[in-house]
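> Dropping a prediction and its sequence here:
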Amino acid sequence: MPDFIPFNRIFKDNEERKALAGALEGDCWHGDGPASRRVEAYLSEWLGSPHVFLTTSCTHALEMAMMVLEIGEGDEVIMPSFTFVSTANAVRMRGARPVFAEIREGDLCLDPEDVAQRTTPSTRAVIPVHYAGISVDFDGLRAALDGREIAIIEDAAQAVGAFWNDQALGTVGDIGCFSFHDTKNITCGEGGAFLTADPELARKAEWVREKGTNRSAFLRGEVDKYTWVSPGSSYIPSDLLAALLEAQLRKKEQILEARGKVWHVYRDFLAEAAENGWIRLPVVPSYARTNYHIFHFHTRDAGDRDMLLQKLREAGIGATFHYVPLHDSPYARKHIGFRDALPRTEELAGSLIRLPVYPGLEPICKEIAERVVSVISHFYQNR
Ligand SMILES: Cc1ncc(COP(=O)(O)O)c(C=O)c1O
């Protein structure tokens, strides 16, 4: 085992090099070229989504979601505080108000009961985040929304290839947003996708993504010139990145299998530490099929986390924490006026540790797990 195991490594071989070299040879470096079309068709077929648009990032897919739903000033959007800043920024950029809700112990996804408490006549949308590739409780969430006209936008940045029952995440709500950033299971460096089954939202998404124009319709020969038809921006990735993504997608089963193996070894090896009450392990509910994006656990007390992280790093494990809750960030305190404490979110975020999970760790994951267990036992036996 090497002296230090980094937290993340990109899984790549000659296939990505060949794909990129092939794309460079061609004459289409801009977006929506042949590779982009093939990738969109592939994702559409694999995930069962009629409309898939590649985007420059998940951040941008979330911004598109706000624009196509015409969310703006006076509107509220409920989301977990335990998320990446892009979830909230997309809302804020339209002048709407992010409303932060609690997550649940176990799956770290939005707590439907808390969502129900925070719903007001101004609520236009809710953004569940499928943390670690584990699905939100959609039945609970829909019950909480109680038939009101509130859109569900899935922040499925981490959840490509994960499922809620038989439905792919990103295709269950009104809109799904994916990330292909190089910290994700499948990557092209920077990239994302916007998914919807609603033809009207798809029509608007096409405009928003193409700088607010109907240029896509023009390129299909449906109109004789293109013009400004909506607000929009430049959210189309280069075909070079799509070619890279295509090469990665061909290896999706291999990636999933490798990550799953590492994840299950960690889980089995850490079970005893959990039984001893030193740590708490995540729960994958029966309706959720994870894509093994993250392996995480919680320390007994939030105050232990940073000390244990330090010990793990000293032992050569590139373990790390995750999101700092947004409701307590300098920007939110100053500009959003959200005043509630979210004690469960604070405790869960403050006690969370993530371990390295990626293809290539399979041969050494038992050794890594043994070392993690040894650090945890030593830490708690001496406290
Ligand atoms: C929950 C969540 N949403 C959105 C994003 C943003 O993704 P991107 O880097 O593709 O913009 C991330 C990034 O890690 C994320 O974790």
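On my side now, so go ahead.

> Could you check how many residues crowd around residue 363?
The local packing of residue 363 (other C-beta atoms under 10 Å) involves 9 other residues. From N, CA and C alone the C-beta is placed, and that goes for glycine too.

> looking at this structure, which residue lies furthest from center?
Going by C-alpha atoms, centre = their mean, the residue of the chain most distant from its centre is residue 224, 39.0 Å out.

> right, and the secondary structure at it would be what?
Judged by DSSP: H, G, I helix; E, B strand; the rest coil, the three-state class of residue 224 is coil.

> who are the neighbours in contact with it?
When contacts are counted by C-beta atoms under 8 Å, 6 or more residues apart in numbering, residue 224 touches residue 218.

> And the pLDDT for it?
We have a pLDDT of 95 for residue 224.

> And it, its phi and psi?
Main-chain torsions, residue 224, degrees, to the nearest 10: phi -90, psi -10.

> go on, the one 3 residues further on?
The phi and psi torsions at residue 227 (degrees, to the nearest 10) take the values phi -150, psi 180.

> Not counting its neighbours along the chain, what's nearest the residue in the stretch 201-350 of the chain that the ligand sits nearest to?
Closest residue of the stretch 201-350 of the chain to the ligand, C-beta to the nearest ligand atom: residue 323 (7.7 Å). Nearest non-adjacent residue to residue 323, counting by C-beta to C-beta, 6 or more residues apart in numbering: residue 82, 5.4 Å away.

> For the stretch 101-250 of the chain, which segments count as helices?
Listed in chain order, the helices of the stretch 101-250 of the chain (DSSP state H, counting those that start in this stretch) span 112-118, 138-145, 199-209, 215-219, 239-249.

> what about those helices, which gets the closest to residue 298?
Ranking the helices of the stretch 101-250 of the chain by distance to residue 298, with C-beta to C-beta as the measure, places helix 112-118 first at 19.1 Å.

> highest average neighbour count across the helices of the stretch 101-250 of the chain?
Highest mean neighbour count of the helices of the stretch 101-250 of the chain: helix 239-249, a mean of 24 (counted as mean count of other C-beta atoms under 10 Å).

> Dump the C-alpha coordinates for that one into PDB.
The C-alpha atoms that make up helix 239-249 are tabulated as PDB, following Å, rounded to 0.1, in the frame of the first residue of the first chain:
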ATOM      1  CA  ASP A 239     -17.800  18.500 -28.400                       C
ATOM      2  CA  LEU A 240     -14.300  17.700 -27.300                       C
ATOM      3  CA  LEU A 241     -15.600  17.200 -23.700                       C
ATOM      4  CA  ALA A 242     -18.500  15.200 -25.000                       C
ATOM      5  CA  ALA A 243     -16.000  12.800 -26.700                       C
ATOM      6  CA  LEU A 244     -14.200  12.400 -23.400                       C
ATOM      7  CA  LEU A 245     -17.500  11.800 -21.600                       C
ATOM      8  CA  GLU A 246     -18.500   9.200 -24.200                       C
ATOM      9  CA  ALA A 247     -15.300   7.200 -23.500                       C
ATOM     10  CA  GLN A 248     -16.000   7.300 -19.700                       C
ATOM     11  CA  LEU A 249     -19.600   6.300 -20.200                       C
END
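
> what is the mean pLDDT for it?
Averaging pLDDT along helix 239-249 yields 98.

> so after it, what's the next helix or strand?
helix 252-275 (DSSP states H and E).

> now that next one, how far from the centre of its chain.
Taking C-alpha atoms, centre = their mean, to the nearest Å, the mean C-alpha location of helix 252-275 is offset from the chain mean by 19 Å.

> Give me the buried positions along it.
For helix 252-275, burial by neighbour count (16 or more other C-beta atoms under 10 Å) applies to 252, 255-256, 258-259, 261-263, 265-267, 269-270, 273.

> I'd like to know which of the residues you listed is nearest to residue 234.
Set against residue 234, the nearest of the buried residues of helix 252-275 by C-beta to C-beta is residue 252 (28.1 Å).

> how is the protein carved up into domains?
14-249, 252-381 (automatic domain parsing).

> Most tightly packed of these?
domain 14-249 (a mean of 20).

> what about it and the ligand, touching?
Yes: using C-beta under 6 Å from any ligand atom, domain 14-249 comes into contact with the ligand via 57-59, 83-84, 86-87, 129, 155, 157-158, 179, 181, 192.

> Pretty sure residue 344 sits against residue 102.
Yes: with contact defined as C-beta atoms under 8 Å, residue 344 reaches residue 102; the gap is 5.0 Å.

> Output the lowest mean pLDDT helix or strand found in the protein.
Within the chain, no helix or strand scores below helix 330-335, which has a mean of 93 by mean pLDDT, DSSP states H and E.
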